[in-house]
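S.K.: A structural model of the following input is requested.
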Amino acid sequence: MFKSFHGWRIVASSGFINMFSVGIPFYAYSIFYIHLQNEFNAGRFLISSTLSIMIIAAGVFAPICGQLVDRFSLKNLLSIGAIIFGTGLILLGFCQTYYQFLIVYGSIVALGMTLFGNLATSKLISNWFKKKIGTAIGYATLGISLSGVFIPPVSVYLISLYGWRATYIIFGIFLIVFFVPFCRYLIINKPSDIDQNIDNEKLTKEIDNSVAEQMMNIIDILKVRTFWVLILIFSLQFCANLGVYSHIFPHATDLGFNASKAGIAVSIGALGAALGKIVFGKLIDMISAKKTLWVSVSIQGFGIIMVSLFSSYYPLLISIFIMSLGLGGTVPLMNILFSKTFSPVNFGKALGIAVPFMVPIQVVGGPLSGWLYDINGNYDLAFYLNTAVCFLAFICVFFLNIPDNKHS
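M.R.: Predicted coordinates for the structure are as follows:
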């Protein structure tokens, strides 16, 4: 009996998981930003530090989680991650001080997000695809940006009805109640579990043999020069991303727009990033890795300049869209290039090891922009500096050595 290829359903499921694993802690945070500032009577530097602390914690957890996703059932790990993540969100609703909030965000939420998110879903997709991994990961990471389209407006609505505390509790309960059975019954770890093959082709034995020959230990990975260049490029892109995008909502309100319009600005950015994930996922299957990265970084930097220049609403939305189109390529390109460089079997381990090295650079963006705002009363200097960060990433691409054939 003919059985349709399950790989694309895995892509859709991964995209749905990505939507919540990144959308709630990152995209929705800008909506909670002002409410947290008022609740805890804190400056923007302090409130901006929350995401940086979470990223630092995720950097600590990532090598461990990377080893886990390479060794154990992804279905089980995603289910456990959903429980941890949901529990952390529920606890946020009961925090009475900013430091309690920060501790929960930087521990339970960070661990849950790391286990229930991009690391596991990208490994899952690399189990199912080889030739079309760029397109597959591009579509799966689309969920990250779509979360920015849907979750901020939902957050605005729920906060207006129930307050920020109850909103976190609602999100947490939903994560546990919905995604535990979702992962248990819809996620399949690899094609061979249901008598299918990678890319739906009869190449399982050959692929398995070649993969076995490519097994690498941590020392082998650290010796690869491309590993360090990739770390530098993507940590700079993430730094610029946090330095601008995490401040879009307060920046829009500073310009005189109400919460609804500011929320739309966040969603427009997510829409641009969503398109970027599709475009750059497909583009890297067609042209060289260097050219794809150059286009991504250039569009992101140009968009940041535009965001700093325009204060009228619709030009601002266009600027945010352009900036986000470029940064939208960051996550899929990172996943694809680590998979191409180290092979799918080493993907979780290599990316997990890389994350702690990315953290020191990428966490600077958000708090630095908040600190410069506290000093200057605007984001002008902060946005100019983040444009320079994109330029540095552009230069680093010159030193990258990645196989350019699309099936590598």
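S.K.: Check which helices and strands the helix ranked longest in the chain is in contact with.
M.R.: Criterion DSSP state H: the longest helix present in the chain is helix 133-162. Counting contacts by 3 or more CB pairs under 8 Å, 6 or more residues apart in numbering; DSSP states H and E, helix 133-162 is packed against helix 7-22, helix 29-40, helix 118-128, helix 164-186, helix 259-283, helix 330-342. Any C-beta I mention is one placed from the backbone N, CA and C, and that applies to glycine too.
S.K.: Give me the angle between the second one and helix 164-186.
M.R.: The one in question is helix 29-40. With axes from the mean of the first three to the mean of the last three CA atoms, to 10 degrees applied, the angle from helix 29-40 to helix 164-186 works out at 140 degrees.
S.K.: got the contact list for helix 29-40?
M.R.: Contacts to helix 29-40, defined as CB atoms under 8 Å, 6 or more residues apart in numbering, come from residues 42-44, 47, 50-51, 97-98, 101, 152, 155-156, 159, 164, 167-168, 245-250, 253, 259, 263, 266.
S.K.: now swap in the third one and tell me
M.R.: Contacts made with helix 118-128 from outside it, assessed by CB under 8 Å, 6+ apart, are listed as 6-7, 10-11, 14-15, 17-18, 21-22, 62, 65-66, 69-70, 74, 77-78, 81, 133, 136-137, 140-141, 144, 187, 189-191, 198-199, 331, 335, 339, 344, 347-348, 351-352.
S.K.: run the last query once more with 6 Å
M.R.: Contacts with helix 118-128, where a contact means CB atoms under 6 Å, 6 or more residues apart in numbering, come from 7, 10, 14, 17-18, 65, 69, 74, 77-78, 136-137, 140, 190-191, 335, 339, 344, 347-348.
S.K.: quick one on the thing from earlier: how about the longest helix of the chain: buried residues?
M.R.: 133-149, 151-156, 158-159 (16 or more other CB atoms under 10 Å).
S.K.: coming back round to it: could you flag which of the contacts of helix 29-40 are buried?
M.R.: For these, a burial check counting by 16+ other CB under 10 Å picks out 42, 44, 47, 50-51, 98, 101, 152, 155-156, 159, 164, 167-168, 245-250, 253, 259, 263, 266.
S.K.: can you pull the pLDDT of Tyr139?
M.R.: Predicted confidence (pLDDT) for Tyr139: 83.
S.K.: What mean pLDDT does stretch 385-404 get?
M.R.: Averaging pLDDT along stretch 385-404 yields 85.
S.K.: which SSE is Met216 in?
M.R.: Assessed by DSSP states H and E, Met216 sits outside every helix and strand.
S.K.: Could I get the contacting residues of it?
M.R.: Met216 makes contacts with Asn346, as judged by CB under 6 Å, 6+ apart.
S.K.: measure it to Gly276 for me?
M.R.: For Met216, the distance to Gly276 (CB to CB, to the nearest Å) stands at 30 Å.
S.K.: Quick check: the residue nearest to Phe94 when sequence neighbours are not counted vs Tyr29, distance?
M.R.: Spatial nearest neighbour of Phe94, chain neighbours left out: Arg165 (7.3 Å); criterion: CB to CB, 6 or more residues apart in numbering. Arg165 sits 15 Å away from Tyr29, going by CB to CB.
S.K.: OK, contacts around Thr141?
M.R.: By CB under 6 Å, 6+ apart, Thr141 lies in contact with Lys277, Val331, Pro332.
S.K.: if you set the cut-off to 8 Å instead, what comes out?
M.R.: Contacts of Thr141 by CB under 8 Å, 6+ apart are Gly15, Asn18, Asn118, Ser122, Lys277, Gly281, Val331, Pro332, Asn335.
S.K.: Are any of those residues buried, and if so which?
M.R.: When the contacts of Thr141 are checked for burial by 16+ other CB under 10 Å, the buried set is Gly15, Asn18, Asn118, Ser122, Lys277, Gly281, Val331, Pro332, Asn335.
S.K.: Which entry within those corresponds to the minimum pLDDT?
M.R.: Among the buried ones among the contacts of Thr141, Gly281 carries the lowest pLDDT, at 75.
S.K.: got the buried residues for stretch 387-401?
M.R.: Those would be Thr387, Val389, Cys390, Leu392, Ala393, Phe394, Cys396, Val397, Leu400, for stretch 387-401 by 16+ other CB under 10 Å.
S.K.: CA atoms of that stretch as CSV?
M.R.: Taking Å, rounded to 0.1, in the frame of the first residue of the first chain, the C-alpha atoms of stretch 387-401 are listed here in CSV:
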residue,chain,number,x,y,z
THR,A,387,24.2,48.6,12.1
ALA,A,388,27.9,48.5,12.7
VAL,A,389,27.5,45.0,14.2
CYS,A,390,25.9,43.8,11.0
PHE,A,391,28.8,45.2,9.0
LEU,A,392,31.2,43.2,11.1
ALA,A,393,29.2,40.1,10.4
PHE,A,394,29.4,40.9,6.7
ILE,A,395,33.2,41.0,6.9
CYS,A,396,33.4,37.7,8.7
VAL,A,397,31.6,35.9,5.9
PHE,A,398,34.8,36.4,3.8
PHE,A,399,36.5,33.9,6.1
LEU,A,400,33.8,31.3,5.8
ASN,A,401,34.5,28.0,4.0
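S.K.: Centre of the chain to that stretch, how far?
M.R.: Put simply, stretch 387-401 sits 20 Å off its chain's centre (CA atoms, centre = their mean, to the nearest Å).
S.K.: For the stretch 201-350 of the chain, which segments count as helices?
M.R.: With DSSP state H, counting those that start in this stretch as the definition, the stretch 201-350 of the chain shows helices at residue ranges 204-213, 218-222, 225-245, 248-254, 259-283, 289-309, 313-327, 330-342, 344-362.
S.K.: and those, which is most packed in?
M.R.: Mean neighbours per residue, mean count of other CB atoms under 10 Å, is largest over the helices of the stretch 201-350 of the chain for helix 330-342, with a mean of 27.
S.K.: and that helix with helix 7-22, angle?
M.R.: Angle, helix 330-342 to helix 7-22, by the same axes, to 10 degrees: 120 degrees.
S.K.: returning to what we had before: could you check which of Arg165 and Tyr29 has the larger neighbour count?
M.R.: Remark: of Arg165 and Tyr29, Tyr29 carries more neighbours, 22 against 16, as counted by other CB atoms under 10 Å.
S.K.: Look up how far Val177 lies from that one.
M.R.: Relative to Val177, and taking CB to CB, Tyr29 is found at 22 Å.
S.K.: element containing the nearest residue to Leu381 once chain neighbours are set aside, please.
M.R.: Counting by CB to CB, 6+ apart, Leu381 lies nearest to Leu372, which is 5.2 Å off, once chain neighbours are set aside. In the assignment (DSSP H and E), Leu372 maps to helix 365-376.
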